[in-house]
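Visitor: Structure for the following, please:
(one chain, ligands or ions: 2)
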Amino acid sequence: MDYMEPMETKINFKSGEIFPCDNKIVRKLSEMKNMFSDKAAYEKELSLKDRIVYEVFERKVPHQTGQLVHSTTVIYPGKVSNEYYMTKGHFHEIEDRSELYFCLNGEGYVVMQTKEGEFSSIRMTAGVVAYIPPYWAHRTINTGKDKFVFFTVYPADAGHNYGAIEKTGFPNLVVEKDGQPTIVNNSGWQKE
Ligand code: M6P
Ligand code: ZN
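Guide: Ligands and ions are numbered 1, 2, ... in the order given. So this is what the prediction gives:
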């Protein structure tokens with residue numbers, strides 16, 4: 001039997017950086033077209049500066065059943081109009097694959113939806129683990145003033161399906177209302 005060697009990773013909880021890091025993904029505002037509900041505010045923000053919205057630091061494992069991808073995500077503090085910075089969000093290509101998020105720093109939400117449009121959310125602060133069951137699309141949102149950092153584990157064969165979310169968004173948005181993060185209905189949402 002050809003065994004894979006066990007691996008060790010060190011994480012800086014505050015910055016979200018991992019050591020060693022095999023792959024770093026940087027998502028800027030320009031890659032988030034049509035994701036924020038206020039399109040005019042988005043274009044205005046983008047014309048001022050193409051800011052980093054979030055970064056992902058990954059360990060590489062073979063993309064095979066039985067392997068676990070593990071990575072950190074860092075969402076920067078910021079808003080487009082009253083909507084907080086967030087990840088794009090996705091279903092898994094293999095839809096019955098689940099995922100774990102462990103919050104290390106800052107604060108935010110995981111929002112989730114099923115294909116039928118059922119919505120759920122979990123508030124994240126350092127120490128909270130969110131379990132995203134099979135079939136639920138997921139997006140994370142930074143509602144704080146600091147970096148929102150979380151550690152992720154998911155099956156390496158899961159894959160990312162962004163298409164449905166790019167088209168429909170989530171049934172609810174997390175926005176700042178009277179200075180507080182608030183979950184509101186997304187009037188632009190429609191079932192696929
Ligand atoms: C988490 C995981 C990753 C994902 C990343 C950014 O780390 O869910 O699989 O890539 O967040 O989210 P997205 O891919 O939706 O932009
Ligand atoms: Zn996922």
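
Visitor: interface residues of the chain facing ligand 1?
Guide: Val56, Ser71, Thr73, Thr87, Lys88, Gly89, His90, Glu99, Thr152, His160 (CB under 6 Å from any ligand atom). Any C-beta I mention is one placed from the backbone N, CA and C, and that applies to glycine too.

Visitor: State the pair within the residues you listed that is farthest apart.
Guide: Based on CB to CB, the longest span within the residues of the chain next to ligand 1 runs between Ser71 and Gly89 and measures 15.8 Å.

Visitor: just checking, what packs against the helix or strand of the chain with the lowest mean pLDDT?
Guide: Within the chain, no helix or strand scores below helix 163-168, which has a mean of 92 by mean pLDDT, DSSP states H and E. Judged by 3 or more CB pairs under 8 Å, 6 or more residues apart in numbering; DSSP states H and E, helix 163-168 is in contact with strand 137-142.

Visitor: neighbouring contacts of the strand it packs on?
Guide: 73, 75-78, 84-91, 99, 101, 106-114, 124, 132, 148, 150, 164-165, 170, 174 (CB atoms under 8 Å, 6 or more residues apart in numbering).

Visitor: if we go to 6 Å?
Guide: Contacting residues not belonging to strand 137-142 are listed as 75, 77, 84-87, 89, 91, 108-113, 132, 148, 165, 174 [CB atoms under 6 Å, 6 or more residues apart in numbering].

Visitor: Give me the subset of the residues of the chain next to ligand 1 lying in strands.
Guide: In this view, these that belong to strands under DSSP state E are Val56, Ser71, Thr73, Glu99, Thr152, His160.

Visitor: Please spell out the ChimeraX selection for the buried subset of these.
Guide: In ChimeraX, selecting the buried portion of these, with burial taken from 16 or more other CB atoms under 10 Å, looks like this:
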select :56,71,73,99,152
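
Visitor: Dump the ones in strands among the residues of the chain next to ligand 1 into CSV; add pLDDT as well.
Guide: Below are those laid out as CSV (pLDDT from 0 to 100):
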residue, pLDDT
Val56, 98
Ser71, 98
Thr73, 98
Glu99, 98
Thr152, 98
His160, 97
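
Visitor: okay if I get the ones in strands among the residues of the chain next to ligand 1 as JSON lines plus distance to Glu8?
Guide: Below are these laid out as JSON lines (distance: CB to CB, whole Å):
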{"residue": "Val56", "distance to Glu8": "20"}
{"residue": "Ser71", "distance to Glu8": "15"}
{"residue": "Thr73", "distance to Glu8": "20"}
{"residue": "Glu99", "distance to Glu8": "22"}
{"residue": "Thr152", "distance to Glu8": "17"}
{"residue": "His160", "distance to Glu8": "26"}
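
Visitor: pLDDT score for Leu173?
Guide: Looking at Leu173, its pLDDT is 97.

Visitor: What about it, how many residues nearby?
Guide: Leu173 is flanked by 22 other residues according to other CB atoms under 10 Å.
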